[in-house]
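Visitor: I would like to see how this sequence folds:
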Amino acid sequence: MSTTLHDFKARTIQGKDVSLAEYKGSVVLVVNTASKCGFTPQYAGLQKLYETYRDQGLVVLGFPCNQFAEQEPASETEIASFCSLNYGVTFPLFAKVDVNGEHAHPLFAFLKDSLRGFLGSRNINWNFTKFLVGRDGKPVKRFSSQTPPELLSTAIERALQAHA
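Guide: Have a look, this model is predicted:
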């Protein structure tokens, strides 16, 4: 069983397989995203967090997901274009994944096992659930869809200082 984020691989939105070990030493915010969701404007807040903290070691990783009311029906090319044009997204985006169920991406299975949600729930309940991962690759905190990115600054700063 994998023990850190660095043990996983994922496919970028451009179709390239990458090892998440590339992010060793960085604080990582993993988010399941969607382009047609009430929370979609959070892309702007996520981009602002990325711009504010990337020089200190923060990386935001967006994983589009179509499991919630089919709010991410677009192709990877369309998703990348939408995020760039509408929200100026420059943080890494990945190919669409499942976050729940038997076909859930192994990274999300790991994150859900490590940090339970509301009332101890293992499942992700909606788009824009956020997982903060420390520089050591271990999950630190889980935030619900309703938590706007602006409210993550304190937790991000703590994580950045933890192993600086």
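
Visitor: CA only for contacts and neighbour counts going forward, please
Guide: OK.

Visitor: What are the boundaries of the strands in the chain?
Guide: 9-11, 17-19, 27-33, 58-64, 130-133, 139-143 (DSSP state E).

Visitor: Now do the fourth one against strand 27-33: the angle between them, please.
Guide: On the basis of axes from the mean of the first three to the mean of the last three CA atoms, to 10 degrees, strand 58-64 is oriented at 20 degrees to strand 27-33.

Visitor: got it, and the last one?
Guide: Strand 139-143 and strand 27-33 are oriented at 40 degrees to each other (the same axes, to 10 degrees).

Visitor: From here on, call the first residue 8.
Guide: Taking 8 as the first residue, the last one we looked at is strand 146-150.

Visitor: what's next to strand 146-150, contact-wise?
Guide: 11-12, 118, 121-124, 136-141, 166 (CA atoms under 8 Å, 6 or more residues apart in numbering).

Visitor: then stretch 84-99 to CSV, C-alphas only?
Guide: C-alpha atoms of stretch 84-99 as CSV (Å, rounded to 0.1, in the frame of the first residue of the first chain):
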residue,chain,number,x,y,z
THR,A,84,-8.6,19.7,-24.4
GLU,A,85,-11.9,21.6,-23.8
ILE,A,86,-11.3,21.6,-20.0
ALA,A,87,-7.8,23.0,-20.3
SER,A,88,-9.0,25.7,-22.7
PHE,A,89,-12.0,26.6,-20.4
CYS,A,90,-9.7,26.8,-17.3
SER,A,91,-7.1,28.9,-19.0
LEU,A,92,-9.6,31.3,-20.8
ASN,A,93,-12.0,31.8,-18.0
TYR,A,94,-9.8,31.6,-14.9
GLY,A,95,-6.3,32.0,-16.0
VAL,A,96,-5.3,28.6,-14.6
THR,A,97,-1.6,27.9,-14.8
PHE,A,98,-1.4,25.2,-12.1
PRO,A,99,-1.1,21.6,-13.3
